[in-house]
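Student: Give me a 3D structure for the following:
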Amino acid sequence: MSNNKYTMSNELGASATKRNSAHMLPVCDWLSDLPENTRLTDLIEVQFKNTRKGYFHNAANLPLEKGVKVVVEANPGYDVGEVVLTGKLVELQIKKNKIDASRYEIRQVIRIATEEDLQRAAEAHAREHQTMIKARELAKSLGLEMKIGDVEFQGDGSKAIFFYIADGRVDFRQLIKVYAETFRIRVEMKQIGARQEAGRIGGTGPCGRELCCSTWMINFSSVGTGAARLQNISPNPQKLAGMCAKLKCCLNYEVPVYEDASKLLPNRHIELETQEATWYFFASDPLAGTVTYSSDPQKGVNLTVLSAARAHEIIAMNRRGEKPATLEGNKSAVVEIGYQTGHGDVTRFDHKKKKHHNRR
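Tutor: As a prediction, the model looks like this:
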């Protein structure tokens, strides 16, 4: 078994290691040490370049485990990838990813990859960068409004997937002919979004960690500016945008917590009446359970921080026709607060999103 394991750094080079790393979209196989795990199903999960994965049958009952390089069936020819999951968890992954078994053709594992297989795959992957540069030039020469974001060669070098980004529909029938004649390969065009492109390329976010889309995220949820407003994040487009120039996916992570906490706060449209003044909602801190009120409806003047319980108490008194003498909160000096929005308009992130479909 050990003779059939090869690290990408030895066989495919350091650059290929980054592109086809098993550390991307990892799944902890906590059932791997159970003897009956692989007997429950012959399905395995194989990872190819970056975020592309596939599911295959181990019909020949090969001794496969995580990290083993395998040769699998493709259309046409074969491909080379790395086993990242085996056993019962593979079935759960298929269910989690909502893969329709009636439409998804599950092919078979041919053999454990040999040195010759890995060398041929390395030669194919070495052509990807130059092919991508040339592909962009050809697309531009045909006047097509699209961007070739990545190129992935099949393990046997007979086919390549051209991942592209476009705002609308693109008629690339002529482009496919040009690509086939120029590169002498079978061509597949696959449209992706900006988030998918960032996931394939990878990188480091402003938080200092690897991008979520290139490490563990599988499905991309819609992110709106409302998530930033709910969390009282300054609406600065430059800070809200991720590496893909779209709103950061992490803006959604704590939204449910803020939504639950916000339900305990008073309605922002309700004014508080005291004997000394009328107070207007200015800001809130859902997690701290506090609300800030101003004596001026347009700006922050005599800002006073109240607990949500005290605000609800005053609202109940006002409804009974009573007015407390003061808010009895923590009062600050007269201030005026504004936001530095930076360059651009944060509402540009709220444009209607277009659906991306795979095209062959």
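
Student: so residue 189 is in which element?
Tutor: Taking DSSP states H and E as the definition, one finds residue 189 inside strand 186-191.

Student: helix or strand right after that strand?
Tutor: Next element after strand 186-191 (DSSP H and E): helix 194-201.

Student: on that earlier part again, any buried residues in the strand holding residue 189, and which?
Tutor: Buried residues in strand 186-191, counting neighbours by 16 or more other Cβ atoms under 10 Å, are found at 186, 187, 188, 189, 190, 191. For the C-beta atoms, the positions are set from N, CA and C on the backbone; glycine is no exception.

Student: ok, now stretch 95-110?
Tutor: Here stretch 95-110 shows 107, 109, 110 as buried, counting by 16+ other Cβ under 10 Å.

Student: who's in contact with it?
Tutor: 43-44, 46, 54-60, 62, 64, 70-74, 78, 94, 218-219 (Cβ atoms under 8 Å, 6 or more residues apart in numbering).

Student: Same question for stretch 178-198.
Tutor: If you take Cβ under 8 Å, 6+ apart as the criterion, stretch 178-198 is touched by 51, 76, 131, 134-135, 138, 142, 149-150, 153, 157-166, 172, 175-176, 200, 211, 213-214, 220, 242-246, 249, 356-360.

Student: Pull out the buried residues from those.
Tutor: Judged by 16+ other Cβ under 10 Å, buried ones among the contacts of stretch 178-198: 51, 131, 135, 149-150, 153, 157-166, 172, 175-176, 200, 211, 213-214, 220, 242-244, 246, 249, 356.

Student: how about the helices in the stretch 151-300 of the chain?
Tutor: 173-183, 194-201, 212-215, 225-230, 237-240, 255-262 (DSSP state H, counting those that start in this stretch).

Student: Tabulate those (CSV), appending mean pLDDT and distance to residue 285.
Tutor: CSV is the format used below for those (pLDDT from 0 to 100; distance: least, Cβ to Cβ, whole Å):
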stretch, mean pLDDT, distance to residue 285
helix 173-183, 93, 53
helix 194-201, 84, 30
helix 212-215, 85, 26
helix 225-230, 89, 12
helix 237-240, 86, 19
helix 255-262, 93, 9
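
Student: of these, which approaches residue 318 most closely?
Tutor: Closest of the helices of the stretch 151-300 of the chain to residue 318 is helix 255-262, at 21.3 Å (criterion: Cβ to Cβ).

Student: how much distance is there from the closest one to the middle of the chain?
Tutor: With Cα atoms, centre = their mean, to the nearest Å as the basis, helix 255-262 stands 22 Å off its chain's centre.

Student: Kindly report the same for stretch 269-286.
Tutor: Distance of stretch 269-286 from the chain centroid (Cα atoms, centre = their mean) equals 40 Å.

Student: That stretch: which residues count as buried?
Tutor: Applying a neighbour-count criterion of 16+ other Cβ under 10 Å, one finds 272, 273, 274, 277, 279, 280, 281, 282, 284, 286 buried in stretch 269-286.

Student: do stretch 178-186 as well
Tutor: 178, 179, 183, 185, 186.

Student: Tell me how far that stretch lies from the chain's centre.
Tutor: 32 Å.

Student: How about stretch 276-292?
Tutor: That offset, for stretch 276-292, works out to 35 Å (Cα atoms, centre = their mean).

Student: swap in stretch 314-332?
Tutor: With Cα atoms, centre = their mean, you get 46 Å for stretch 314-332.

Student: so what's residue 289 closest to, chain neighbours aside?
Tutor: Sequence neighbours aside, residue 308 is the residue nearest to residue 289 in space, at 4.9 Å (criterion: Cβ to Cβ, 6 or more residues apart in numbering).

Student: Average pLDDT for stretch 294-308, rounded please.
Tutor: Average pLDDT, stretch 294-308: 91.

Student: go on, stretch 132-148?
Tutor: What stretch 132-148 shows for mean pLDDT is 92.

Student: could you dump it to CSV, C-alpha only?
Tutor: Listed in CSV are the C-alpha atoms of stretch 132-148, where the atom choice follows Å, rounded to 0.1, in the frame of the first residue of the first chain:
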residue,chain,number,x,y,z
MET,A,132,-5.5,29.8,-19.8
ILE,A,133,-3.5,32.9,-21.0
LYS,A,134,-3.9,31.8,-24.7
ALA,A,135,-7.6,31.0,-24.1
ARG,A,136,-8.2,34.6,-22.8
GLU,A,137,-6.5,36.1,-25.8
LEU,A,138,-8.7,34.0,-28.2
ALA,A,139,-11.9,34.9,-26.4
LYS,A,140,-11.0,38.6,-26.5
SER,A,141,-10.2,38.3,-30.2
LEU,A,142,-13.7,37.0,-30.9
GLY,A,143,-15.2,39.9,-29.0
LEU,A,144,-16.9,37.8,-26.3
GLU,A,145,-17.9,39.4,-23.0
MET,A,146,-16.4,36.7,-20.8
LYS,A,147,-13.4,35.9,-18.7
ILE,A,148,-11.6,32.6,-18.5
